[in-house]
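# next comes the sequence, and after it the predicted model I'd like to discuss.
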Amino acid sequence: MSGGGQELRRLRDLVGRGGAVVLAGAGMSTDSGIPDYRGPDGSLQRHTPMTYQEFTSSAEGRRRYWGRSHVGWEHFRRARPNAGHRAVAALGAAGLVDGTITQNVDGLDLAAGTRNVVEIHGNLDRVVCLNCSEVTDRAELAVRLRAANPGFDERVREFRALNPDGDADLTDAQLEGFRTVPCRRCGADALKADVVFFGETVPRQRVEASFAMVDAARSLLVLGSSLTVMSGYRFVLHAAKRGTPVAIVNSGPTRGDAKADVRVDAPLGQVLPALAAELAPVR
């Protein structure tokens, strides 16, 4: 494995004990073509994500969100698990990783074969109605949006960038005339991607399930997260308070570095496959 030799050996020894729980951040999916928020080229440099307050209070905000998200989701759904995702799944199959708390909404942890995953921020493949609570499949909504907006997909084949929350960065001119569709069950203009927006509270049952996972862990392995937001950082604080060893693998500094027992500053695409090859070789 590349990176500091001593820290890599400590990482290998820690994971090799078994009982690890993974906290996965946006850096886990960058090798699958999905950008992150806070890396050197992170989307927050140029893009302000939709907030829950704006989405729920503004029909225009919902229209802009769904126009951008409709285009972005088509690219998200073509993304495939990368070598890092597959390495975590292999470590799980070998009995060394007991579960994953993912901050990502792309579904790639599950697609790689990882079991016992808490998608703490939800999944872009689902849609929920804020009025009647019906949950439906995103692919179904995509068909309805295409029918309501003939010619839109062809008009926006070129766009400026893709964002980690599933939005495509479209101009006002590209979004002109885009129409949303109502909930099929109740007819309300209240459909929302089943993901946690900025300013929205993470559902309690997901938080409780994640804390229970950390409580049972022998170690917490943070992968590809800057830990800038409390929704992820709180699990590091919780593990450290309990005396559970914390290992962080991330390119660049993180908010949790002072709490880490092991710190590897290196690309996940190098570290994780090598770790899995040592600890969970294919037989």
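Sure, I can see it. Residues are numbered from 1 along each chain as shown.
# from here on, contacts and neighbour counts on C-alpha atoms
OK.
# would you put the C-alpha positions of the lengthiest helix in the chain in PDB?
If you go by DSSP state H, the chain has its longest helix at helix 59-76. Output of helix 59-76 as PDB, limited to C-alpha atoms (Å, rounded to 0.1, in the frame of the first residue of the first chain):
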ATOM      1  CA  ALA A  59     -42.600  26.400  -6.300                       C
ATOM      2  CA  GLU A  60     -39.900  28.000  -8.400                       C
ATOM      3  CA  GLY A  61     -37.200  26.400  -6.300                       C
ATOM      4  CA  ARG A  62     -38.800  23.000  -6.700                       C
ATOM      5  CA  ARG A  63     -39.000  23.600 -10.500                       C
ATOM      6  CA  ARG A  64     -35.300  24.500 -10.700                       C
ATOM      7  CA  TYR A  65     -34.400  21.600  -8.500                       C
ATOM      8  CA  TRP A  66     -36.200  19.000 -10.500                       C
ATOM      9  CA  GLY A  67     -35.000  20.400 -13.800                       C
ATOM     10  CA  ARG A  68     -31.400  20.100 -12.700                       C
ATOM     11  CA  SER A  69     -31.900  16.800 -10.800                       C
ATOM     12  CA  HIS A  70     -33.700  15.200 -13.700                       C
ATOM     13  CA  VAL A  71     -30.600  15.700 -15.900                       C
ATOM     14  CA  GLY A  72     -28.100  14.800 -13.100                       C
ATOM     15  CA  TRP A  73     -29.800  11.600 -12.100                       C
ATOM     16  CA  GLU A  74     -29.500  10.200 -15.600                       C
ATOM     17  CA  HIS A  75     -25.700  10.400 -15.100                       C
ATOM     18  CA  PHE A  76     -25.800   9.200 -11.500                       C
END
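# what's that helix in contact with?
34, 50, 54-56, 106, 124, 142, 145, 153, 156, 162-163, 166-170, 175, 178-180, 189 (CA atoms under 8 Å, 6 or more residues apart in numbering).
# those residues in strands, which ones?
Counting by DSSP state E, those place L124 in strands.
# tell me the centre residue of this structure?
N104 (0.7 Å; CA atoms, centre = their mean).
# what sits against that one?
24-26, 119-123.
# and which of those is nearest to R77?
N123 (11.1 Å; CA to CA).
# so Q103 touches H121, yeah?
Yes: between Q103 and H121 there is a contact under CA atoms under 8 Å: 5.6 Å.
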